[in-house]
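>>> prediction below, plus the sequence it came from.
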Amino acid sequence: MPDATYVAFVPTKSRDALRRILQTEDTSPLTWRERKSLFGSEFYFSGPPDLARKAQAYVAEWVLSH
């Protein structure tokens, strides 16, 4: 099955914390990358479709709670 990519927008105030979490955790088989913009970052999660979707949904909930 081909990989899927999902995107989560993270505001500037939260992106450093999320980046630290992602750098310290073993996220395989997912890969992630960050694209910074003026008001935050887009975090791209690529990998198995179900897992990438769950990662994006988790980050969206995480942003709302922080």
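All right, it came through fine.

>>> name the helix or strand for Thr27, please.
Thr27 is part of no helix or strand when elements are defined by DSSP states H and E.

>>> how many other residues sit next to it?
Here the neighbour count serves as a burial measure; for Thr27 (other Cβ atoms under 10 Å) it reads 15. Yep, even glycine has a C-beta here, placed from its N, CA and C like the rest.

>>> same check on Arg15?
19.

>>> now it: which helix or strand?
Take DSSP H and E as the rule and Arg15 turns out to sit in helix 12-24.

>>> which other helices and strands does that helix contact?
Applying 3 or more Cβ pairs under 8 Å, 6 or more residues apart in numbering; DSSP states H and E, we find helix 12-24 packed against strand 31-37, strand 40-47, helix 49-65.

>>> could I get the ones you listed as TSV with mean pLDDT and distance to Arg20?
Conversion of the helices and strands packed on helix 12-24 to TSV gives the following (pLDDT from 0 to 100; distance: least, Cβ to Cβ, whole Å):
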stretch	mean pLDDT	distance to Arg20
strand 31-37	97	12
strand 40-47	98	13
helix 49-65	96	13
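
>>> so which of those is the most packed in?
Of all those, strand 40-47 has the most neighbours on average by mean count of other Cβ atoms under 10 Å, namely a mean of 18.

>>> describe which strands it pairs with in its sheet and in which direction.
For strand 40-47, the pairing partners within the sheet under DSSP bridges are strand 4-11 (antiparallel), strand 31-37 (antiparallel).

>>> thanks a lot, catch you later.
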